[in-house]
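**Q** here are the coordinates; sequence isn't available:
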């Protein structure tokens, strides 16, 4: 990921600490969804997740942020694009399909997110990627494949011990 983001500066600053806690929080989210997705309706779970984050974020914004003077059309467009497909749809899909796989498997799949972001930036945003960024993307892909393929044993592929619905 350091190669993909364009640097190998090994230093510990506020940003790195925030990224670390974000990764821990993301892992806890994946584990929680793995447990809750089997018990609750995916749409209801997504609504509860989004509402919780909205309330907590609004509270934090009121304390630490200055509200914008006006909401322009580009801001409203960005809000609609990030609120609907990038958040609501993503949570709904995750809640719907994570009931059929393990949290570990989901986490491995999510490691591809920065690679896809770089690919979209390159293909549609005109972003120029350096050799090191391409190498970083390749290493993430190799890591995902290694984790997915593992030693090839059945236990490595199905850590939950459940039979996938398509195989029933």
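**A** Looks like it came in fine. Keep in mind that what you see is a predicted model, and the values were worked out from it rather than measured.
**Q** every contact and neighbour count from this point should use C-alpha atoms.
**A** Fine.
**Q** and the gap between the residue most central in space within the chain and residue 57?
**A** Geometric centre of the chain, nearest residue: residue 110, 5.4 Å, by CA atoms, centre = their mean. Per CA to CA, to the nearest Å, residue 110 is found 23 Å from residue 57.
**Q** which residue packs closest to residue 105, ignoring adjacent ones?
**A** Nearest residue to residue 105 in three dimensions, chain neighbours excluded: residue 148, at 7.6 Å (CA to CA, 6 or more residues apart in numbering).
**Q** tell me which element the one you found is part of?
**A** Element membership for residue 148, per DSSP states H and E: helix 131-149.
**Q** residue with max distance from the center of this structure?
**A** Residue farthest from the centre of the chain, counting by CA atoms, centre = their mean, is residue 69 at 31.1 Å.
**Q** can you give me the pLDDT of that one?
**A** On the pLDDT scale, residue 69 is placed at 85.
**Q** quick one: contacts for it?
**A** By CA atoms under 8 Å, 6 or more residues apart in numbering, no residues touch residue 69.
**Q** same deal with residue 45?
**A** By CA under 8 Å, 6+ apart, the contact list for residue 45 reads 36, 37, 95.
**Q** so it, which of the three states?
**A** Assigned by DSSP: H, G, I helix; E, B strand; the rest coil, the conformation of residue 45 is helix.
**Q** per-residue pLDDT, it?
**A** Taking residue 45 on its own, its pLDDT is 95.
**Q** can you count the residues close to residue 61?
**A** When neighbours are counted by other CA atoms under 10 Å, residue 61 registers 12.
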